[in-house]
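1. What follows is a predicted structure for the sequence shown.
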Amino acid sequence: MKFLRASVKTLALIAFTLSVCALIVMVKFFLPASKKARWLDSLFRAWARGTALLLGIKINLRGVPPRPPFFLVSNHLGYLDVVVLAACLDCVFIAKQDVAGWPVVGFLCRQVDTIFVNRASRRDVVRVNSLIEKTLAAGRGVVLFAEGTSTAGAEVAPFNPSLLHSAAKMEFPVSYSALSYRVPMGETPAHLSVCWWGDMTFADHLFRLFQLSSIEATLSFGDEPIVQNDRKLLARQLWRAVNEQFIPVIELEETCSTQTGL
């Protein structure tokens, strides 16, 4: 049953993603430049909502999502974070360079103006900070996973301040959010089936994710954005704010198990 469920979801998601990619190509080819960004953001959000529906993701939203232009920082648990955040926001993501080469999804990300970064190159960080400024100036939202990598969801890793340079320099208000996941009892725990970390391979993890009957995502937005002209101080303040709202994935699962046992 799980294998069949995963197979159906795989085929459905590929077909849906290819359809959205075709619409995006048409928008980029036919629409004037002044209208492209709005349509690209809308189509990407539609893709995220459709993907969440196909995968059985229920999003519990806490707080109010920021409106463009915004700079938002979040913790990072895996590639599913993009689906959850994009389903609730019109935004451009900052992603590692490797994502650009992923089949189908990489093409989609390139078409919706994802900002790719090579974190091993200081020169590239400078380029990306410049792109962040241009994207904000164009009236769009930008999302940064400031940990720099995804985790198992036991805690929020320290935030890297390098890509907060533009926000600090401009004293641009930075919004923040915290993500967490849970899955039904009896299924592979969320820190293994939803969170993508360590040496997990993408294909194996994706197929395991598709075997889940449903996923519950909790997305919490902060009340007030943070303004700070020092990027290192900004990173620490944002980390504290996200950490206060973060629900540990593993701890959440252990609590649910105890409650069910009672």
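-> Structure received. Residues are numbered from 1 along each chain as shown.
2. CA atoms only: put the helix or strand containing K35 into CSV for me.
-> K35 is part of helix 33-54, with elements assigned from DSSP states H and E. Taking C-alpha atoms only, helix 33-54 is exported to CSV below (Å, rounded to 0.1, in the frame of the first residue of the first chain):
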residue,chain,number,x,y,z
ALA,A,33,8.7,42.5,-17.9
SER,A,34,6.5,44.7,-15.7
LYS,A,35,4.1,41.9,-15.1
LYS,A,36,6.4,38.8,-15.0
ALA,A,37,7.4,38.9,-11.3
ARG,A,38,3.8,39.1,-10.1
TRP,A,39,2.7,36.2,-12.3
LEU,A,40,5.8,34.1,-11.4
ASP,A,41,5.2,34.5,-7.7
SER,A,42,1.5,33.6,-8.1
LEU,A,43,2.3,30.5,-10.2
PHE,A,44,5.0,29.3,-7.8
ARG,A,45,2.5,29.8,-4.9
ALA,A,46,-0.1,27.8,-6.8
TRP,A,47,2.5,25.0,-7.4
ALA,A,48,3.3,24.9,-3.7
ARG,A,49,-0.4,24.7,-2.7
GLY,A,50,-1.1,22.0,-5.2
THR,A,51,2.0,20.1,-4.1
ALA,A,52,0.9,20.4,-0.4
LEU,A,53,-2.5,19.0,-1.4
LEU,A,54,-1.0,16.1,-3.4
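3. Report all helices and strands that the helix or strand following it contacts.
-> Counting by DSSP H and E, the element after helix 33-54 in chain order, helix or strand, is strand 57-62. In this structure, strand 57-62 packs against helix 80-88, strand 215-221, with contacts taken as 3 or more CB pairs under 8 Å, 6 or more residues apart in numbering; DSSP states H and E. Any C-beta I mention is one placed from the backbone N, CA and C, and that applies to glycine too.
4. okay, these in CSV with distance to D204 and mean pLDDT next?
-> Supplementary listing: the helices and strands packed on strand 57-62 in CSV, determined by distance: least, CB to CB, whole Å; pLDDT from 0 to 100:
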stretch, distance to D204, mean pLDDT
helix 80-88, 15, 97
strand 215-221, 17, 98
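5. Out of those, which gets nearest to N60?
-> Closest approach to N60 among those (CB to CB): strand 215-221, 4.6 Å.
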